[in-house]
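J.: When you get a sec, could you give me coordinates for this:
(chains A, B, C and D)
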Number of protein chains: 2
Amino acid sequence: MQRVKLVDVARAAGVHPGTASRALSADTGGLVSPDTVRRVVRAAERLGYVPNTVARGLRTARSFLVAMVVPDVTNPLFPPMVRGAEQVLSQAGFTLVLTDTDNDAGTERKQVQQLRARGTDGFLIATARWQDQLVEELADGRVPAVLINRNTSSHRLPYVGGDERTGIAVAVDHLVSLGHRRIVHLAGPQDTSTGRERASAFRHALRTHGLPITRAQVRTCDSYTERAGAQATERLLASDVEFTALLAGNDLIALGALAVLAATGKRCPGDVSVVGFNDLPMVDKLTPSLTTVTLPLREMGALAA
Amino acid sequence: MQRVKLVDVARAAGVHPGTASRALSADTGGLVSPDTVRRVVRAAERLGYVPNTVARGLRTARSFLVAMVVPDVTNPLFPPMVRGAEQVLSQAGFTLVLTDTDNDAGTERKQVQQLRARGTDGFLIATARWQDQLVEELADGRVPAVLINRNTSSHRLPYVGGDERTGIAVAVDHLVSLGHRRIVHLAGPQDTSTGRERASAFRHALRTHGLPITRAQVRTCDSYTERAGAQATERLLASDVEFTALLAGNDLIALGALAVLAATGKRCPGDVSVVGFNDLPMVDKLTPSLTTVTLPLREMGALAA
DNA sequence: AGCGCTGAAACAAACGATTGCAGTCAACGT
DNA sequence: ACGTTGACTGCAATCGTTTGTTTCAGCGCT
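T.: Model prediction:
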C-alpha cells in the first residue's frame, strides 16, 4: 500500500478529510473555495498522495475495472482487440482485466462470476455463442456488457463486429474474377455468429453471381482451428465434390486446409485457390481479406454508452 | 452489485455477521462449531452469497489482483505467457490484469502507479530494460514482483526466462554443421537482457567453434521489430562484411531480414541461411528455434514464492 | 437590528467484510 | 459447590473514501 492517505493530505492542508476529498475531485471541486482547492491540491502533490481505489470503490460501488473475456489470447485475432480496448480504457481511467476462458464454458462462467464479485464495471465479451446462457444472464443483470466479434441470436446486448457480409462478398468476387466456378466454403462453427453469418453470406454471394449451390458446398468445421480445418478438408477430399477454390471461415481453418492440400500433392495456387479470413499476421501468401483491427476503436463508442 | 451480503447470510443462519465470516473462511473455520459452519454455509449457498471482493480487499489490504505488464500484446511472444500466467493465477484465486505499455516508459509508469493504487498484490514485468528505474522502485517497494523474459542489470528481482545461451549455441551449432563459417548476428536491442545475453552467447559460441569474430559481425537492431531487422540488414548489405548465414535476435528481426534479402534478390536458403529465435507461430519456413512457451509454467513457482 | 440566505467547511454515516477482544456457558477438576 | 478452563460467538472497531446533513459566519435587505 501507499502510505499517505486522504487524512494526511487533509491535515497538511488544514482542512477536514471530507473537504479534501471534494477539493480533489474534479466535479465536486466547485463546492469548495478556489483557495482551499489550491491548498489541498498542493499538499496532495507534495505528499505524493495516490487515492486508494479499493476504498473508493467500496464507497462508490464502482471499480473502474472492465473485463474482457476471450476464448484464447493465443489466437492472433484477439490481441489487437485487447490492445485497442486497453488503450481506450486506460485513457478513461479504467483498468482492463483479461480473462482467457480456454474455450471452456465452465471456466468462463467461473471467471465472470469472480469478476462480478469484484464489482467489475463492464464486460467485453468475445466468447459469445449463438445461443449463450451466460450472455443472457449478463443482459438480465445491471452491469453493462458489450459483445465483440461474435453476436448472439437474441441480440439483447450491443454488438461490435466487422462487416462479414461484404467481406465474404469481396472474397467471392475475387475468386469468381479469377475464373472459379466451383467454390467450397469451409465454414466456422455454426454456434458462433461469425460462422453462421459468413456461411449465409457465402450462399448469398454465390447466388448473386448466378452460381449453383449445393449443400455439400458448405462444410462446417467444429472450431476455428487448424485441426478442424484440416479435418474438414480431408472429408471434403474424400467426398466426390469437385472444386477449384476454397473459401475458409477464417485464416486458421485456411492454414489447416493448405496443410492437407499440400500433403495430398495439390498445388496451392495452381490446382486449388484458398482464401482465408481475418488478416492474421504473416499470411501474405494468402489473398487479402478483411481486417478486424478497427473493432477495438469502435468499441469505445459502445463502452461510452 | 450482487445484493446478498454477509449480513443477510448471517441473519438467515441466525448468527452474527462476524461469526458468519469466520464460518465461511477456510482457515478461520476451526474457530466455530462444525454445526454452525454447516448452517452458515448452507444459508450462503441458498442465498447465492458471493463475497464482495472490494470490501474484503479494503479490510485485508489484499486485492487478489496480479498485474502483468507487457510491451505489446500484439507481439506473438507474449500471449502464451499471458495465458500461462492467467491459468495459474485464476487457479489460485487471483485475477490477472493485463497492461500493454505500448513500449512507452511513460505509459508504463502511469499504469503501474495506477495498479499500485489498486493494491495490486503482485507484478509480472515483461518490459524490463537492462537499466530500469521503474523496476528498481518496485524492488524497493513491498509488493512482490517477478521479471519475466527480460532481466535487469541489478538482479534485484526474481527472474524467469528461457535459457538464451544454449538456445543460441544450438542455433550456431546447426549453422556450423551446415558448413557456414561466416555468420552474422542481428542482435536485439542492447538495453534488454535478451539482446545482450544472446549477443554474448553468440560470441561465445563462435569462439567455441574456433571461428573468428569481428565487431562488424554483430549488428545491433534498436528494437525487436521487422522494421529494425530490415534496417540492420540493409546496413549490413551496404557494408563490405561477407556472410553466408544470419542469426537473428528474434523472429521478427529475422522476418525483416528475409524481406530485405528477398528484395535484393538473394535466395533465402540458397545464398544466405537465416535463423530466427522464439518459435513464433507459422514460421515453419525458418529453421527451428527455442521455445518460450515453458516460461509461464515456471513462473508459477516464482509466483508462489 | 433582525431575518433569511448563501457559500464554505466540518461532521458523521455509510460501503461490506475481517478480526482483536470480551463475554457466555457448559464441563470439569478438586 | 466453586473456580477454572476452553470452546464458541457476539461486539465493535477498522480499512480509506465519498457524500448527505449540519453548522457557521458573513452579508444584504427591510
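
J.: Skipping its backbone neighbours, what lies nearest whichever residue of the stretch 101-250 of chain A sits closest to DNA strand C in space?
T.: The nearest approach of the stretch 101-250 of chain A to DNA strand C comes at residue A:117, 8.5 Å away (Cβ to the nearest atom of the strand). Every residue, glycine included, has its C-beta placed from N, CA and C. Sequence neighbours aside, residue B:50 is the residue nearest to residue A:117 in space, at 4.6 Å (criterion: Cβ to Cβ, 6 or more residues apart in numbering or on different chains).

J.: That neighbour looks like it's in a helix, true?
T.: No - applying DSSP: H, G, I helix; E, B strand; the rest coil, one finds residue B:50 to be coil, outside a helix.

J.: Now do it against residue A:116, distance only.
T.: Separation of residue B:50 from residue A:116 (Cβ to Cβ, to the nearest Å): 7 Å.

J.: what's the answer for residue A:54, then?
T.: From residue A:54 across to residue A:116, the span is 17 Å (Cβ to Cβ).

J.: who has more neighbours, the two?
T.: Taking other Cβ atoms under 10 Å in any protein chain shown, residue A:54 and residue A:116 do not tie; residue A:54 has more neighbours (25 against 19).

J.: Run a quick neighbour tally on residue A:248.
T.: With neighbours defined by other Cβ under 10 Å, the count for residue A:248 comes to 31.

J.: List the contacts of the closest residue to it other than its chain neighbours.
T.: Excluding the flanking residues, the one nearest residue A:248 by Cβ to Cβ, 6+ apart is residue A:254, at 3.6 Å. Contacts for residue A:254 (Cβ atoms under 8 Å, 6 or more residues apart in numbering or on different chains) come out as A:186, A:229, A:246, A:248, A:274, A:275, A:276, A:277, A:283, A:286.

J.: and residue A:248, what is it in contact with?
T.: A:185, A:186, A:229, A:254, A:257, A:274, A:275, A:276, A:277.

J.: isn't the fifth one right next to residue A:233, touching?
T.: Yes - if you go by Cβ atoms under 8 Å, residue A:257 and residue A:233 touch, sitting 4.4 Å apart.

J.: if I look at the two, which residues touch both of them?
T.: Counting by Cβ under 8 Å, 6+ apart, the common neighbours of residue A:257 and residue A:233 are A:186, A:246.

J.: Quick one: name the residues of chain A near DNA strand C.
T.: With Cβ under 7 Å from any atom of the strand as the criterion, chain A comes near DNA strand C at residues A:14-19, A:31-33, A:35-36, A:55, A:58-59, A:61.

J.: try it again with 6 Å
T.: By Cβ under 6 Å from any atom of the strand, the residues of chain A that approach DNA strand C are A:15, A:16, A:17, A:18, A:19, A:32, A:33, A:36, A:58, A:59.

J.: what's the farthest-apart pair in these?
T.: For the residues of chain A next to DNA strand C, the maximum inter-member distance is 28.8 Å, found between A:33 and A:58 (Cβ to Cβ).

J.: Between these two, which has more neighbouring residues?
T.: residue A:58 (19 against 11).

J.: And the pLDDT for the more buried one?
T.: pLDDT for residue A:58: 92.

J.: quick one: what helix or strand has the residue nearest to residue A:248 in it?
T.: Secondary structure assigned from DSSP states H and E places residue A:254 in helix A:251-263.

J.: Would you mind listing the buried residues in that helix?
T.: The neighbour-count check on helix A:251-263 (16 or more other Cβ atoms under 10 Å in any protein chain shown) flags A:251, A:252, A:253, A:254, A:255, A:256, A:257, A:258, A:259, A:260, A:261 as buried.

J.: quick one: average confidence on that helix?
T.: 82.

J.: Stretch A:53-71: end-to-end distance?
T.: One end of stretch A:53-71 sits 29 Å from the other (Cα to Cα, to the nearest Å).

J.: any residue of that stretch up close to chain B?
T.: Yes - Stretch A:53-71 is in contact with chain B by Cβ under 8 Å from any Cβ of the partner chain, via A:53, A:54, A:55, A:57, A:58, A:61, A:63.

J.: Can you say which of those residues are buried?
T.: Those of the residues of stretch A:53-71 next to chain B that meet the buried threshold are A:53, A:54, A:55, A:57, A:58, A:63, by 16+ other Cβ under 10 Å.

J.: For the stretch 51-200 of chain A, which residues are neighbours of DNA strand D?
T.: A:51, A:52, A:55, A:56, A:58, A:59, A:60.

J.: The same query, at a cut-off of 10 Å, please.
T.: Residues of the stretch 51-200 of chain A lying close to DNA strand D by Cβ under 10 Å from any atom of the strand are A:51, A:52, A:53, A:54, A:55, A:56, A:57, A:58, A:59, A:60, A:61, A:62.

J.: What is the nearest of these to residue B:27?
T.: residue A:54 (21.9 Å).

J.: and that closest one, what is it in contact with?
T.: By Cβ under 8 Å, 6+ apart, the residues touching residue A:54 are B:54, B:57, B:58, B:63, B:118, B:119.

J.: Report the contact partners of residue A:202.
T.: Contacts here follow Cβ under 8 Å, 6+ apart; on that basis residue A:202 touches A:168, A:172, A:185, A:187, A:218, A:247.

J.: any idea which of the residues you listed is closest to chain B?
T.: residue A:247 (19.9 Å; Cβ to the nearest Cβ).

J.: Doesn't that closest one lie inside a strand?
T.: Yes - under three-state DSSP, residue A:247 falls within a strand.

J.: Could you verify my assumption that it touches residue A:174?
T.: No - counting by Cβ under 8 Å, residue A:247 stays clear of residue A:174, with 9.5 Å between them.

J.: counting contacts, what elements does the helix or strand hosting residue A:106 pack onto?
T.: Assigned by DSSP H and E, residue A:106 falls within helix A:105-117. Packing partners of helix A:105-117 (3 or more Cβ pairs under 8 Å, 6 or more residues apart in numbering or on different chains; DSSP states H and E): strand A:65-70, strand A:95-100, helix A:133-140, helix B:78-91.

J.: Can you name the next helix or strand after it?
T.: strand A:122-125.

J.: what about that following strand and chain B, any contact?
T.: No - Strand A:122-125 stays clear of chain B (Cβ under 8 Å from any Cβ), getting no nearer than 12.5 Å.

J.: CA atoms only: put that strand into CSV for me.
T.: The C-alpha trace of strand A:122-125 is given here as CSV (Å, rounded to 0.1, in the frame of the first residue of the first chain):
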residue,chain,number,x,y,z
GLY,A,122,-18.3,-3.6,-17.5
PHE,A,123,-17.8,-6.6,-19.7
LEU,A,124,-16.4,-7.0,-23.2
ILE,A,125,-17.4,-10.5,-24.3
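
J.: Just the mean pLDDT for it, thanks.
T.: Strand A:122-125 comes out at a mean pLDDT of 89.

J.: Neighbouring strands of that strand in the sheet, and parallel or not?
T.: Strand A:122-125 has its sheet partners listed here by DSSP bridges as strand A:65-70 (parallel), strand A:145-148 (parallel).

J.: Flag every buried residue along it.
T.: Buried residues in strand A:122-125 (16+ other Cβ under 10 Å): A:122, A:123, A:124, A:125.

J.: Neighbours of residue A:13, how many?
T.: 22.

J.: Could you double-check that it lies in contact with residue A:37?
T.: No - under the criterion of Cβ under 8 Å, residue A:13 makes no contact with residue A:37, lying 9.7 Å away.

J.: Touching both of those two, which residues are there?
T.: By Cβ under 8 Å, 6+ apart, the residues touching both residue A:13 and residue A:37 are residue A:23.

J.: ok, the residue in the stretch 51-200 of chain A that DNA strand C sits nearest to - how many residues close by?
T.: The minimum distance from the stretch 51-200 of chain A to DNA strand C, using Cβ to the nearest atom of the strand, falls at residue A:59 (3.5 Å). By the criterion of other Cβ under 10 Å, residue A:59 has 11 neighbours.

J.: Please, which helix or strand holds it?
T.: Assigned by DSSP H and E, residue A:59 belongs to helix A:53-60.

J.: so that helix versus helix B:105-117, what angle?
T.: 60 degrees (axes from the mean of the first three to the mean of the last three Cα atoms, to 10 degrees).
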